[in-house]
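Colleague: test case, fold it:
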Amino acid sequence: MSENNQTKKGPLVSVLVPTFNRPVYLSEAIRSVLRQNYIRLQIIVINDGGVDVSGLVNSFNDPRIMYINRKENRGKAFSLNQALAESKGKYIAYLDDDDLFYPNHISTLVETLEKESECGVAYSDLYKTYCRVMPDGKRETLSKLVEVSRDFDRFFMLYFNHVLHVSLMHRKGLIEKTGPYNENLNVLIDWDMTRRLVFFSDFYHIPKITGEFYAPVGESDRISVQQRKDKANYARNVLAIRTTRPAKPWAKLKDLSIIFTTERFDQQAGQTIGLIWRHTFYPYKLYLPIPSAEVNRIKTDMPNLVYVPVEYGADTREQVDAALGQCEGEYIAIVPSGFPVREMWLEDSFYGLINSSNDKEGLELEGSTEQVSAIVAKKQEIEAARRSFPELKPAESLKAAGITIRKLRPNEVPFQFDSLLKEAKIAGRNGDWLEAAEIYQHIAGHYDNQMWMEELAAKAFWKAGLYSKAYEISSRINNCRPSIDTLLLEAKVRKEQKDFYSAIELLEQAEEILEGNTLVWT
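Modeller: Now for the predicted structure:
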């Protein structure tokens, strides 16, 4: 899509800009939207009960700007929902009041979404701009780094947010599926929405730098930073997000049910359920077979907990069979009381199962023993096995029905990219920069995130004294997507090669980016 087509015929994009008591920064943020090379914009500025900035907004004299001046502070989620109700665009973009878009931000994302019809979400890379906040509130830029340039990973997104809201754009229609922003959250609001978006859409990563977000050195006034200081409140928000399940059907995610079995609902059973709640990040429902008279004894506000009535003394077989009749999940984990629940206790095996090419198998959960065993398998396989062999225990009935129950293989574990990345960082901290560089290059050749990994490899080669390798990689990156880091690295190599003229040119280019004279305002 050419720029002319973008500006004249492109779809309308609604840009949501929530603000609270940051008029100095807000002015720069709005200006960066107005300087887009894409003009079909609806810009909605929402004042969340802070100082009235109507004079500032009106000073731009641009009919594309809508200003909502709410007198009451209701939080970012409420502001975004209010703006979404007013949005008319085919696409939605987000800008916090202290961040900036580069002129190509909107056009880059629109062009991608118009071409990639299977993706409802696209995102770019951003500079993390470290700054010192001066006494008058203005910011002095210290450095700009592309700290993460990560390709989309649906499973990882369920665990941790790797796409900043400022960097993404999505089709407005997806909100009808995800539901609105959760106004009960006061931190991680953005992750809650991006996490729900992965139920319904792929994300398309564009490895171009199209904006920046600010990170004050020292104490930060960002609400998200301040809210993280209350660890109990932070944990409450995380649990609320992890247990959120938007309405079905889900186009991109498998549903998981957990059947919890126990001979009696005692302290151990309660502890196991609590651990499941705290340590499970994949969306699920927990089915608890229990006599109806015992339900009132359970004191918990755990969401997604479904009580399944059974008779007193019901054994594991009867409990599982009763729960199967209510389970919604395509996959089912059967977990006994006392099972050792810890981080990734279920997700490792579940990830291996949903990516297995064998339709006739289930997996043991890690930590299973002969005494305390847990499995995960397809619901249809479990149902068929229970119908054919109701007299056997669940795992035994699956085996009798020809379903292999096996252990997870090492190459099936999720987050292998992150494990290798951690290994490389440890090597670097230990001073073994050559090993770190080789790991980064291995990751770049066998996983996604190639440009990010090559940049890290170039830095590691430099520290290992292999300047030619550092030059080869950094110059290649600078030819397609220069950043301050890679420009500085190539400049250092050029200096070592006594090519001072080229080094100076690279340093000047990096300085222009740092000072905001290039990319931002050109």
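Colleague: give me the number of neighbouring residues for the closest residue to Ser337 other than its chain neighbours.
Modeller: Leaving aside its chain neighbours, Ser337 sits nearest to Thr262 (3.7 Å; criterion: Cβ to Cβ, 6 or more residues apart in numbering). To be clear about C-beta, it is placed using only N, CA and C from the backbone, and glycine gets the same treatment. With neighbours defined by other Cβ atoms under 10 Å, the count for Thr262 comes to 20.
Colleague: swap in Glu311?
Modeller: 11.
Colleague: go on, the one 10 residues further on?
Modeller: The criterion is other Cβ under 10 Å. On that basis, Asp321 has 20 neighbouring residues.
Colleague: for Gln226, give me the pLDDT.
Modeller: Gln226 is assigned 68 on the pLDDT scale.
Colleague: cool, the one 10 residues further on as well?
Modeller: Note on Arg236: pLDDT of 93.
Colleague: grab the nearest non-local neighbour of Val24.
Modeller: Leaving aside its chain neighbours, Val24 sits nearest to Gly137 (5.3 Å; criterion: Cβ to Cβ, 6+ apart).
Colleague: ok, back up a step: pretty sure the residue nearest to Ser337 contacts Gln271?
Modeller: No: in this structure Thr262 lies outside contact range of Gln271 using Cβ atoms under 8 Å: 11.2 Å.
Colleague: hmm, back to that, ok, so what distance separates the residue nearest to Ser337 from Leu288?
Modeller: 8 Å (Cβ to Cβ, to the nearest Å).
Colleague: could you say which helix or strand contains Trp191?
Modeller: Per DSSP states H and E: Trp191 is located in helix 189-197.
Colleague: packing partners for that helix?
Modeller: Judged by 3 or more Cβ pairs under 8 Å, 6 or more residues apart in numbering; DSSP states H and E, the packing partners of helix 189-197 are helix 76-86, strand 119-133, helix 154-159, helix 175-178, helix 231-242.
Colleague: which of these sits closest to Ser502?
Modeller: Closest approach to Ser502 among these (Cβ to Cβ): strand 119-133, 23.6 Å.
Colleague: tell me the most buried of the helices and strands packed on helix 189-197?
Modeller: With neighbours taken as mean count of other Cβ atoms under 10 Å, the helices and strands packed on helix 189-197 reach their highest mean count in strand 119-133, at a mean of 21.
Colleague: what is the mean pLDDT for that strand?
Modeller: The model assigns strand 119-133 a mean pLDDT of 94.
Colleague: angle of it against helix 189-197?
Modeller: Orientation note: strand 119-133 sits at an angle of 170 degrees relative to helix 189-197 (axes from the mean of the first three to the mean of the last three Cα atoms, to 10 degrees).
Colleague: and strand 119-133, how far from the chain's centre?
Modeller: 13 Å (Cα atoms, centre = their mean, to the nearest Å).
Colleague: next helix or strand past that strand?
Modeller: Downstream of strand 119-133, the first helix or strand assigned by DSSP H and E is strand 139-145.
Colleague: distance check, the most centrally placed residue in the chain against Arg242.
Modeller: The C-alpha lying nearest the average C-alpha coordinate of the chain belongs to Asn161 (Cα atoms, centre = their mean; 2.5 Å). Applying Cβ to Cβ, the value for Asn161 to Arg242 is 12 Å.
Colleague: same check, this time on Ile375
Modeller: Distance, Ile375 to Arg242, by Cβ to Cβ: 22 Å.
Colleague: quick one: contacts for Glu86?
Modeller: Listed by Cβ atoms under 8 Å, 6 or more residues apart in numbering, the contact set of Glu86 reads 44, 66, 68.
Colleague: try it again at 10 Å.
Modeller: Going by Cβ atoms under 10 Å, 6 or more residues apart in numbering, Glu86 touches 14, 16, 42, 44, 46, 66, 68.
Colleague: most neighbours among these, which one is it?
Modeller: Ile44 (26 neighbours).
Colleague: okay, and the beta partners of it?
Modeller: Bridge pairing for Ile44 (DSSP bridges) gives the partners Leu16, Met66.
Colleague: related to what we said a few turns ago, what touches both of Thr262 and Gln271?
Modeller: 337-338.
Colleague: host element of Leu286?
Modeller: Element membership of Leu286 [criterion: DSSP H and E] is strand 285-290.
Colleague: parallel or antiparallel, list what pairs with the helix or strand just after that strand.
Modeller: Using DSSP H and E, the helix or strand that follows strand 285-290 in sequence is strand 305-309. Applying DSSP bridges, strand 305-309 is found paired with strand 285-290 (parallel).
Colleague: okay, buried residues for the strand it pairs with please.
Modeller: By neighbour count with 16 or more other Cβ atoms under 10 Å, strand 285-290 contains the buried residues 285-290.
Colleague: how about stretch 440-460?
Modeller: 440-441, 443-444, 447, 449, 451-460.
Colleague: from the chain's centroid, how far away is it?
Modeller: The answer for stretch 440-460 is 20 Å, by Cα atoms, centre = their mean.
Colleague: the helix holding Trp191: how far from the chain's middle?
Modeller: With Cα atoms, centre = their mean as the basis, helix 189-197 stands 7 Å off its chain's centre.
Colleague: format the CA atom coordinates belonging to that helix as PDB.
Modeller: The C-alpha trace of helix 189-197 is given here as PDB (Å, rounded to 0.1, in the frame of the first residue of the first chain):
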ATOM      1  CA  ILE A 189      -4.300  -3.700  32.400                       C
ATOM      2  CA  ASP A 190      -2.600  -3.900  29.000                       C
ATOM      3  CA  TRP A 191      -1.500  -7.500  29.500                       C
ATOM      4  CA  ASP A 192      -5.000  -8.500  30.400                       C
ATOM      5  CA  MET A 193      -6.200  -7.300  27.000                       C
ATOM      6  CA  THR A 194      -3.400  -8.700  24.900                       C
ATOM      7  CA  ARG A 195      -3.700 -12.000  26.700                       C
ATOM      8  CA  ARG A 196      -7.400 -12.200  25.800                       C
ATOM      9  CA  LEU A 197      -6.600 -11.200  22.200                       C
END
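Colleague: what angle sits between it and helix 76-86?
Modeller: 60 degrees.
Colleague: by how many degrees do helix 189-197 and helix 231-242 diverge?
Modeller: Using the same axes, to 10 degrees, the direction of helix 189-197 lies 20 degrees away from that of helix 231-242.
Colleague: next secondary structure after helix 189-197?
Modeller: Next along the chain after helix 189-197, taking DSSP H and E as the criterion, comes strand 202-216.
Colleague: how about that next one, which residues are buried there?
Modeller: Within strand 202-216, judged by 16+ other Cβ under 10 Å, the buried ones are 202-216.
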